[in-house]
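Student: predicted model, plus sequence, below.
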Number of protein chains: 2
Amino acid sequence: MSPKEEIVASRKQQIMNSAAILFASQGYYKTTTALVAEAVGVTQPYVFHFFKTKEQLYLAVLDHAFQRMQDAFARVEAPPEQLSEKLGEAFNDLLATHKNEILLLMQSFTTPEPGVREFTKERFSLIHDRIKERFEKAGVPNASHEASMFISCGLIITLSEVLEMPKLSPWCGLD
Amino acid sequence: MSPKEEIVASRKQQIMNSAAILFASQGYYKTTTALVAEAVGVTQPYVFHFFKTKEQLYLAVLDHAFQRMQDAFARVEAPPEQLSEKLGEAFNDLLATHKNEILLLMQSFTTPEPGVREFTKERFSLIHDRIKERFEKAGVPNASHEASMFISCGLIITLSEVLEMPKLSPWCGLD
DNA sequence: CTTCATTTATTTATCAATAAATAAAACATG
DNA sequence: CATGTTTTATTTATTGATAAATAAATGAAG
């Protein structure tokens, strides 16, 4: 990558980073391309130099977030009886290091843009399948059910973060 | 209620009904006041005769949905060891009879309008407290944790409905 | 009962603001 | 100068909201 390309890549990445923060906290519709541009220190039309449409920008950010999550889970190694716990830890680490992305993807299913729906559905399906596989290979009896419960845990944690209600978090009095 | 008031009330209710359907399936921002009006067969400005702002309409619908849910849970009576199951049944019944409202309120925490956030937070807090109380009175050890898990179950069911992914539902292979 | 007045229900017309997207110009730099 | 980067200027569409007008119903008075 030549130095020139580095700058371009960094601009694009800057835009995606700012977009991730804004989309996560304000959602798809309240996040205007002008706000994203302003956060980066660039003019609004310039955003369209990197992303053909606002939706493309959103999908790019979402894709990145899903990818990071998949990788994090794939990196987990644990004996069968600790698998669930270790996957949970991986999720928590991600929540600590990339909160924006996690909140974004756990909320994305709410964005009623058809393109977003389709993409989100596909990715959630993938995540579920992968987690299920992990449980299956660990010999857990009802792997699909277990995978669903794991994801539902992610959802309630997201809810507790979004509403700033620690008491909603399932590890509230424990851990 | 005089016949005149009945007609007014029915108009208002019609608007709230149509709004519930639209808000649930298209979210807050894609649901325009014009769409709501059209669904009822009324002009767009007339909606503002009943609700001062679009947000007020949304909150009214949301309030109605939360109320119905609270009532449904309050009506549940069960021995301690069946409480969780019976509450779950109540939720499922509601999902069958008032799917729109359930989807709406389980997604509402995603709407970044400050007024909506506050309202949603307050109501989710109430729901959690009530469920927790029920578990406490039933002598369940970790009532708060149990209440959170119950709500998280509602969330994943909603996700599975919104994305039309039955395999995500925790009762997928069972029940 | 009929005529006039008053309220209630509803529409037409329109505003002001916002936001996504396009095109073309300017700027920089190797 | 030539290529890639960034801005200025502008368009077009949408949407929430307001104000004023119309129509229909109700009620009171002669």
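Tutor: Thanks, I have it. Numbers count the residues shown, from 1 in each chain, chains lettered A, B, ... in the order given.
Student: which other helices and strands contact the helix or strand that contains residue A:154?
Tutor: Element membership for residue A:154, per DSSP states H and E: helix A:143-162. Packed against helix A:143-162 by the contact rule (3 or more Cβ pairs under 8 Å, 6 or more residues apart in numbering or on different chains; DSSP states H and E) you find helix A:83-97, helix A:99-107, helix A:114-137, helix B:143-162. Any C-beta I mention is one placed from the backbone N, CA and C, and that applies to glycine too.
Student: looking at those, which is closest to DNA strand D?
Tutor: Closest to DNA strand D of the helices and strands packed on helix A:143-162 is helix A:114-137 (Cβ to the nearest atom of the strand; 14.5 Å).
Student: next, the buried residues of the closest one.
Tutor: A:116-117, A:119-121, A:123-124, A:127-128, A:131-132, A:134-135 (16 or more other Cβ atoms under 10 Å in any protein chain shown).
Student: for stretch A:94-105, same thing?
Tutor: Buried residues in stretch A:94-105, counted by 16+ other Cβ under 10 Å: A:94-95, A:98-105.
Student: and of these, the nearest to DNA strand C?
Tutor: Looking at the buried residues of stretch A:94-105 and their distance to DNA strand C, the nearest is residue A:104, at 16.1 Å (Cβ to the nearest atom of the strand).
Student: mind listing what the residue nearest to that closest one when sequence neighbours are not counted touches?
Tutor: Distances taken as Cβ to Cβ, 6 or more residues apart in numbering or on different chains put residue A:24 closest to residue A:104, at 4.2 Å, once the chain neighbours are dropped. By Cβ atoms under 8 Å, 6 or more residues apart in numbering or on different chains, the residues touching residue A:24 are A:99-101, A:103-104, A:107.
Student: could I get the residues you listed in JSON lines, plus columns for distance to DNA strand D?
Tutor: Listed next are the contacts of residue A:24 as JSON lines, based on distance: Cβ to the nearest atom of the strand, whole Å:
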{"residue": "A:99", "distance to DNA strand D": "28"}
{"residue": "A:100", "distance to DNA strand D": "23"}
{"residue": "A:101", "distance to DNA strand D": "24"}
{"residue": "A:103", "distance to DNA strand D": "25"}
{"residue": "A:104", "distance to DNA strand D": "23"}
{"residue": "A:107", "distance to DNA strand D": "20"}
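Student: turn these into JSON lines, columns for distance to DNA strand C and pLDDT.
Tutor: Below are the contacts of residue A:24 laid out as JSON lines (distance: Cβ to the nearest atom of the strand, whole Å; pLDDT from 0 to 100):
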{"residue": "A:99", "distance to DNA strand C": "23", "pLDDT": "97"}
{"residue": "A:100", "distance to DNA strand C": "18", "pLDDT": "96"}
{"residue": "A:101", "distance to DNA strand C": "20", "pLDDT": "97"}
{"residue": "A:103", "distance to DNA strand C": "19", "pLDDT": "96"}
{"residue": "A:104", "distance to DNA strand C": "16", "pLDDT": "97"}
{"residue": "A:107", "distance to DNA strand C": "17", "pLDDT": "93"}
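Student: how many neighbours does the residue nearest to residue A:123 when sequence neighbours are not counted have?
Tutor: Nearest residue to residue A:123, sequence neighbours excluded (Cβ to Cβ, 6+ apart): residue A:66, at 4.6 Å. Counted with other Cβ atoms under 10 Å in any protein chain shown, residues neighbouring residue A:66 total 21.
Student: residue A:66 and residue A:127, how far apart?
Tutor: Here residue A:66 is placed at a distance of 7 Å from residue A:127 (Cβ to Cβ, to the nearest Å).
Student: which helix or which strand is home to the closest residue to residue A:89 other than its chain neighbours?
Tutor: Counting by Cβ to Cβ, 6+ apart, residue A:89 lies nearest to residue A:76, which is 8.0 Å off, once chain neighbours are set aside. For residue A:76, there is no enclosing helix or strand under DSSP H and E.
Student: up against chain B, what does chain A have?
Tutor: A:25-30, A:107, A:109-112, A:117, A:120-121, A:124-125, A:128, A:142, A:144-145, A:148-149, A:151-153, A:155-156, A:159, A:162-165, A:167-170, A:172-174 (Cβ under 8 Å from any Cβ of the partner chain).
Student: so in chain A, which helix runs the longest?
Tutor: helix A:3-30 (DSSP state H).
Student: could you check how far it is from the centre of its chain?
Tutor: 14 Å (Cα atoms, centre = their mean, to the nearest Å).
Student: shaky segments in chain A?
Tutor: A:1-9, A:172-175 (pLDDT under 70).
Student: again, 90 this time
Tutor: Chain A contains residues with pLDDT under 90 at A:1-10, A:170-175.
Student: could you look up the SS state of residue A:164?
Tutor: coil (DSSP: H, G, I helix; E, B strand; the rest coil).
Student: residue contacts, it?
Tutor: residue B:121.
Student: farthest pair within the buried residues of helix A:114-137?
Tutor: Among the buried residues of helix A:114-137, the pair separated by the greatest distance (Cβ to Cβ) is A:116 and A:135, at 28.4 Å.
Student: my guess is residue A:128 contacts residue B:167, does it?
Tutor: Yes - counting by Cβ atoms under 8 Å, residue B:167 is a contact partner of residue A:128 at 6.8 Å.
Student: give me the common contacts of the two.
Tutor: Counting by Cβ under 8 Å, 6+ apart, the residues touching both residue A:128 and residue B:167 are A:144, A:148.
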